[in-house]
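>>> Could you work out the structure for the sequence below:
(one chain, ligands or ions: 1)
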Amino acid sequence: MITIWGRTNSHNVKKVLWLAEELGLDFVRHDVGGAFGYPDDYISKNPNRLVPTLEDGDLVLWESNAILRYLAAQYGGEAFWPLSPAQRAVGDKWMDWQFTLAEAQREAFLGIVRMTPEARDSAAVEKSLSASARLWRMADEALGRSLWLSGDGFGIGDIGLGAYVHTFFSIGGDMSNMPHLKGWYERLQQRPGYARHVMIPLT
Ligand SMILES: N[C@@H](CCC(=O)N[C@@H](CS)C(=O)NCC(=O)O)C(=O)O
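Okay, here's the model as predicted:
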């Protein structure tokens, strides 16, 4: 049995839950992190005091992208873990670039979602929104060349950024000049795992 530890409104937890559903895995999830805190038995599994953590048999794994790679390789077959290193690298690159995007989008997310309007630094929010829009334009260009960030088929390259594009849209990010990104976001919304685990209230 697979166990996933982490609060559902964390981007990094959403990624893991969504992939687990894409792969049709049976799993149980426990709330931890944020308002739920970190019980000692969790810290012994993940001393970073961060979420997510995955347990599969004797394997205890933290770092969300390492978890995605493990699940894809162990359970995803060729569709999620192409045998060709060159083909696999296409999605792998976007999966790690997600952290670049997340960093740019962070101030806007925190300001709009986690702070009251009085506490919000509007200039920092605007700066973060335009920095992230500039990065999203790179993804838009790539999506003009292939249907998915992983190549011709949906894959793990779409999971990381997919978790963040919903946030970009929800906090007022402007996709009007990014038709390929908008189309990709609409295609993601057709996927039941995305609707269930990513398109939830941000708070
Ligand atoms: N590089 C780590 C980052 C993990 C991380 O920063 N998780 C955030 C949630 S997205 C967290 O645990 N924040 C503290 C908390 O929720 O208590 C990973 O990808 O797993």
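>>> Contact residues of this structure facing the ligand?
By the rule CB under 6 Å from any ligand atom, the part of the chain lying against the ligand is Ser10, His11, Asn12, Gly33, Gly34, Leu50, Val51, Glu63, Ser64, Asn65. Just so you know, the C-beta spots here come from the backbone N, C-alpha and C atoms, and that holds for glycine as well.
>>> Might one say that the fourth one is in contact with Val51?
By that I understand Gly33. Yes - Gly33 is in contact with Val51 according to CB atoms under 8 Å; the separation is 3.8 Å.
>>> Can you give me the buried ones in the longest helix seen in the chain?
Criterion DSSP state H: the longest helix present in the chain is helix 85-109. Residues of helix 85-109 classed as buried under the neighbour-count rule (16 or more other CB atoms under 10 Å) are 87-88, 90-92, 94-95, 97-98, 101-102, 104-105, 107-109.
>>> buried sites along the helix or strand following that helix?
On the C-terminal side of helix 85-109, the closest following helix or strand by DSSP states H and E is helix 122-143. Across helix 122-143, burial judged by 16+ other CB under 10 Å covers Val125, Ser128, Leu129, Ala131, Ser132, Ala133, Leu135, Trp136, Ala139, Asp140, Ala142, Leu143.
>>> Report the mean per-residue pLDDT for helix 122-143.
Averaging pLDDT along helix 122-143 gives 97.
>>> which outside residues touch that helix?
Counting by CB atoms under 8 Å, 6 or more residues apart in numbering, the neighbours of helix 122-143 from elsewhere in the structure are 94, 100-101, 104-109, 111-112, 149, 161, 165, 168, 171-175, 177-181, 183-184.
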